[in-house]
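A.B. asks: Can you look at this prediction? I've put the sequence above it.
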Protein chains: 2
Amino acid sequence: MEKLDRMDHFANLKTEQRRLSTSSTEVRNSMLVAIAEALVRHAPQIFSANARDLLRADQERLEAPVRKRLVFDMEKLDAVCEGIAQVARLEDPIGKVRERRLLDEGLLLERVSMPIGVIGMVFESRPDALVQILSLCLKSGNAIVLKGGREALDTNRELVKVIREALEPFPVASGWMVHLESREDVQAMLGMDEVIDLLIPRGTNTFVRYVMDHTRIPVLGHADGLCALYIDADAELDLAVRVAVDSKCQYPAVCNAVETLLVHRNIASGFLRAVEPKLAACHVRIHGDETVRSVIACEAATEADWDTEYLGYEIAIKVVDSIDQAIEHIAAHGSGHTDGIVTANAGIARRFLREVDSADVFWNCSTRFADGFRFGLGAEVGVSTQKIHARGPVGLDGLMSSRWLLSGQGQIVADYSGPHPRAFLHKDLPLEGAGLLEERIY
Amino acid sequence: MEKLDRMDHFANLKTEQRRLSTSSTEVRNSMLVAIAEALVRHAPQIFSANARDLLRADQERLEAPVRKRLVFDMEKLDAVCEGIAQVARLEDPIGKVRERRLLDEGLLLERVSMPIGVIGMVFESRPDALVQILSLCLKSGNAIVLKGGREALDTNRELVKVIREALEPFPVASGWMVHLESREDVQAMLGMDEVIDLLIPRGTNTFVRYVMDHTRIPVLGHADGLCALYIDADAELDLAVRVAVDSKCQYPAVCNAVETLLVHRNIASGFLRAVEPKLAACHVRIHGDETVRSVIACEAATEADWDTEYLGYEIAIKVVDSIDQAIEHIAAHGSGHTDGIVTANAGIARRFLREVDSADVFWNCSTRFADGFRFGLGAEVGVSTQKIHARGPVGLDGLMSSRWLLSGQGQIVADYSGPHPRAFLHKDLPLEGAGLLEERIY
């Protein structure tokens, strides 16, 4: 069914997005509430769809962590509904005045926040992610074309069905969302640069890289997360060990876990002897350079190790002679995601914060803090290592664009040109107060 | 010479950019002053290089407007030096705190503005643009790979030589700038996604589209500028005519000139009779739909006219029955650049401002105001019709990215996870006051 409807959906997606984005804050929040209520009311049918996905997962012998993410039970439903309630409570991101300037008497310029338009999102087999993404797009007035992992197909289908029914009574309804189901659909999506304004791919780095290489649509995301932690000569030993172990072991399968430790020569011996037993307790395999291996027993690091994102209980350790060497190493081998320094020397720390050009640069804390929730951004739509638009953990703000509105009384450019041009005033005004968009429509 | 140096430049570009971006505000401003002084000191040799370009232009019978842009004389030199002085006076865009949040006691998060990194810029044959672009990149701490139009090659070479010499006494010097000279170099640039973070192509829409289609590097710019002006039923006639004529005729060769007039049926007869002689006085060819031709004499518009960017003294005029039709027409045929409405009805105007999803949406003023200088952005690096990053006229801000800095006292994520997690504080702090980056280095 969804598939047959799809072509119609695409054709109208921009119109539907316009309707959604011009609906009032109250309408969009009521729609969110209606979704949460419908999910609770239809829980049994959602759970039974999920049971079918889980049965197939068992037949296909899916790995335990993947199966775990696939589960959609009462606990996940509660979390999802709490998430929706949080999104409903967030301030409306649409129509916020970001700049306001009087160009001349009676000629008022405003830059106001507006949804990007149509978001294309491909994400892992996590049914709760589907609900979260839809909620964020609804709140921010963006249309969404989404494709979840195939392992969660039955659950996702059921969730989309329930959400569509819940939105039917609203004039805006659910035409702003399109659910894709097949791998071929993803391929088609990459070519839809006339419809989709921004792609957010989540998944393996191979997949994200594939997306980046095969589309003209701007992509927000990150392929690699090769994070380094530099233990400076002036680091406090206990603190350095604690931060290093947490950065590696607290959850090693994710992009913000540390893959490389860079250790200043002056502290190397003490630090390595202290950190080794802690890493051993977590069963971390160490790849060390020659100096490291002269202090602790470990495997020999090859050149490839400095460029490897282990995503598991493995770590590469290198001894450096200076902060300059550490910064150079990160510039040469890092992925611009998250890099940290441990030092009691504020001057050295500032150099690191200034010169390491990564989305997140940390001082005396775990790299694992690099996360939208921990940063206090509310929900996270992804993490970007690109340098334009949003960078690092991306929240609702990353789904917003802006528009320049100019309101006049018949002013023409001819008056401001030629031999006796009228001068502009260019007077910045306070951002408070109702703007040119003070009212909504539907 | 420049060509032989180039490979070295590329290899070091990121290092040189880091040096530039971590230099103090004072150093960068002194470099700007040194450039302006050197340009004045070496004016004779620059003018004589320009004479060679102009001679070639005459031999090749270049069109008058192209030749005019190519001129670099005392007047242009004065303007360029005034421009440099303005850029030097601008607030330093590096290291501004955009968000500041206490995640927990002693765990401070800041989002600070940082240069994007390496900008690739291809621009028209205007030597003054070269100086402007270099000044903006210097001020904002971005490295730049630039390629100007081949007609200006001798002048550009001389300008680059003078600027390099002027910067030699500074520790940062000029390794952050690379000047390309050939068309093959531009092709090579498009493949340099490991080095260049953002491409800004200026020129014909064919050229910009070619760049967008042949690179994985994010592109900031616009291919088309198909702007429409909607004359509503409630428009004041005189004002509508004045705004329409200025939007078309004040300078028709540029992207923010109007190509399509949409006229409400109820005002069509009066408006068309009033605007026709004014357009005729400017020798504007009118392509009208059937209704238009029942009122004034003009050519018949074909379907293709609604999608044509004339960039000259031609205009397409269509009569519509409602604001909805106008909005639909713009959504179907516009390029998302600049669109305007003329109406005395505030409610109708607000609908237009809300529902027309273009970079610039104007009410009762000429579309020709869509420009970085007129908007008060200082210098303009380009105009973007993309929806991510900067949109519309782009000033210095568009050359900036940001970085998340987190400073702690040994905090680890394990303490904020598990069965008894420590709660985050997430307390927003004022943006004023020195941040984590309060000092600079070189």
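C.D. replies: That came through fine.
A.B. asks: quick one: low-confidence ranges for chain A?
C.D. replies: Within chain A, the stretches with pLDDT under 70 are A:1-9, A:439-442.
A.B. asks: Domain ranges for it, per the record?
C.D. replies: A:2-220+A:392-399, A:227-377 (automatic domain parsing).
A.B. asks: looking at those, which is buried most?
C.D. replies: Comparing the domains of chain A by mean neighbour count (mean count of other Cβ atoms under 10 Å in any protein chain shown), domain A:227-377 comes out on top with a mean of 21. Glycine gets a C-beta too; all of them are placed from N, C-alpha and C.
A.B. asks: which stretches of the stretch 301-442 of chain A form strands?
C.D. replies: Counting by DSSP state E, counting those that start in this stretch, the stretch 301-442 of chain A has strands at residues A:314-320, A:338-342, A:360-365, A:382-384, A:392-394, A:400-411, A:427-428.
A.B. asks: Dump the ones you listed into a markdown table; add distance to chain B as well.
C.D. replies: Shown next, in a markdown table, are these (distance: least, Cβ to the nearest Cβ, whole Å):
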| stretch | distance to chain B |
| --- | --- |
| strand A:314-320 | 16 |
| strand A:338-342 | 8 |
| strand A:360-365 | 3 |
| strand A:382-384 | 10 |
| strand A:392-394 | 5 |
| strand A:400-411 | 3 |
| strand A:427-428 | 8 |
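A.B. asks: how about these in JSON lines, adding distance to residue A:93?
C.D. replies: As requested, the strands of the stretch 301-442 of chain A are exported to JSON lines (distance: least, Cβ to Cβ, whole Å):
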{"stretch": "strand A:314-320", "distance to residue A:93": "40"}
{"stretch": "strand A:338-342", "distance to residue A:93": "26"}
{"stretch": "strand A:360-365", "distance to residue A:93": "23"}
{"stretch": "strand A:382-384", "distance to residue A:93": "16"}
{"stretch": "strand A:392-394", "distance to residue A:93": "13"}
{"stretch": "strand A:400-411", "distance to residue A:93": "5"}
{"stretch": "strand A:427-428", "distance to residue A:93": "23"}
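A.B. asks: For residue B:206, find the nearest of those.
C.D. replies: In terms of Cβ to Cβ, the element of the strands of the stretch 301-442 of chain A nearest to residue B:206 is strand A:400-411, at 26.0 Å.
A.B. asks: Okay, angle between that closest one and strand B:360-365 too, please.
C.D. replies: Orientation of strand A:400-411 against strand B:360-365 (axes from the mean of the first three to the mean of the last three Cα atoms, to 10 degrees) gives an angle of 20 degrees.
A.B. asks: Can you give me the buried ones in strand A:400-411?
C.D. replies: A:400-408, A:410-411 (16 or more other Cβ atoms under 10 Å in any protein chain shown).
A.B. asks: and which of the residues you listed is nearest to residue A:187?
C.D. replies: The closest of the buried residues of strand A:400-411, once distances to residue A:187 are taken by Cβ to Cβ, is residue A:401, at 26.3 Å.
A.B. asks: For residue A:17, see how far away the residue lying closest to that closest one once chain neighbours are set aside is.
C.D. replies: Leaving out its chain neighbours, the residue that sits closest to residue A:401 by Cβ to Cβ, 6 or more residues apart in numbering or on different chains is residue B:387, at 4.3 Å. Distance, residue B:387 to residue A:17, using Cβ to Cβ, to the nearest Å: 12 Å.
A.B. asks: Same check on residue A:316?
C.D. replies: The gap separating residue A:316 from residue A:17 is 46 Å, by Cβ to Cβ.
A.B. asks: mind listing what residue A:53 touches?
C.D. replies: Residue A:53 sits next to A:70, A:151-155 when contact means Cβ atoms under 8 Å, 6 or more residues apart in numbering or on different chains.
A.B. asks: Apply 6 Å and report the result again.
C.D. replies: Neighbour list for residue A:53: A:70, A:152, A:154-155 [criterion: Cβ atoms under 6 Å, 6 or more residues apart in numbering or on different chains].
A.B. asks: Would you reformat the residues you listed as CSV and include distance to residue B:192?
C.D. replies: As requested, those are exported to CSV (distance: Cβ to Cβ, whole Å):
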residue, distance to residue B:192
A:70, 41
A:152, 39
A:154, 45
A:155, 43
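A.B. asks: Out of the residues you listed, flag the one nearest to chain B.
C.D. replies: Nearest to chain B, judged by Cβ to the nearest Cβ, of those is residue A:70 at 21.6 Å.
A.B. asks: Surely the closest one touches residue A:127?
C.D. replies: No - Residue A:70 lies out of contact with residue A:127 (Cβ atoms under 6 Å); the separation is 7.4 Å.
A.B. asks: got any residues that touch both of those two?
C.D. replies: By Cβ under 6 Å, 6+ apart, residue A:70 and residue A:127 have these common neighbours: residue A:152.
A.B. asks: if you skip the residues just before and after it, what's nearest to the residue of the stretch 151-300 of chain A found nearest chain B?
C.D. replies: Nearest residue of the stretch 151-300 of chain A to chain B: residue A:246, at 3.5 Å (Cβ to the nearest Cβ). Ranked by Cβ to Cβ, 6+ apart and with sequence neighbours excluded, the top spatial neighbour of residue A:246 is residue B:412, at 3.5 Å.
A.B. asks: residue contacts, the one you found?
C.D. replies: Contacts of residue B:412 by Cβ under 6 Å, 6+ apart are A:242, A:246, A:366.
A.B. asks: neighbouring contacts of the host helix or strand of residue A:87?
C.D. replies: According to DSSP states H and E, residue A:87 maps onto helix A:74-89. Contacts with helix A:74-89, where a contact means Cβ under 6 Å, 6+ apart, come from A:29, A:32, A:36, A:43, A:128, A:131-132, A:135, A:139.
A.B. asks: Tabulate the CA atom coordinates of the helix or strand just after it in CSV.
C.D. replies: The first helix or strand that comes after helix A:74-89 along the chain, using DSSP H and E, is strand A:97-104. The C-alpha coordinates for strand A:97-104 follow below in CSV (Å, rounded to 0.1, in the frame of the first residue of the first chain):
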residue,chain,number,x,y,z
VAL,A,97,13.9,36.3,14.3
ARG,A,98,17.7,35.9,14.1
GLU,A,99,18.7,39.3,12.8
ARG,A,100,16.7,42.5,12.5
ARG,A,101,17.9,45.6,10.8
LEU,A,102,16.4,48.8,9.6
LEU,A,103,18.0,49.4,6.2
ASP,A,104,16.3,52.8,6.0
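A.B. asks: can you tell me if strand A:97-104 touches chain B.
C.D. replies: Yes - judged by Cβ under 6 Å from any Cβ of the partner chain, strand A:97-104 comes into contact with chain B at residue A:101.
A.B. asks: any idea how far residue A:372 is from the residue of the stretch 151-300 of chain A closest to chain B?
C.D. replies: According to Cβ to Cβ, residue A:246 stands 19 Å off from residue A:372.
A.B. asks: With residue A:13 instead?
C.D. replies: Distance from residue A:13 to residue A:372, by Cβ to Cβ: 26 Å.
A.B. asks: How about residue A:425?
C.D. replies: 40 Å.
A.B. asks: Ok, residue A:59 next?
C.D. replies: To residue A:372, residue A:59 is 35 Å away according to Cβ to Cβ.
A.B. asks: next one: residue A:77
C.D. replies: Remark: distance between residue A:77 and residue A:372 (Cβ to Cβ) = 22 Å.
A.B. asks: Could you verify my assumption that the residue of the stretch 151-300 of chain A closest to chain B touches residue A:366?
C.D. replies: Yes - using Cβ under 6 Å, residue A:246 is in contact with residue A:366, at 4.2 Å.
A.B. asks: joint contacts of the two?
C.D. replies: Shared contacts of residue A:246 and residue A:366, defined by Cβ under 6 Å, 6+ apart, comprise B:412-413.
A.B. asks: residue ranges of the helices in the stretch 151-300 of chain A, please?
C.D. replies: Along the stretch 151-300 of chain A, counting by DSSP state H, counting those that start in this stretch, helices occupy A:153-167, A:183-190, A:205-213, A:237-249, A:265-281, A:290-295.
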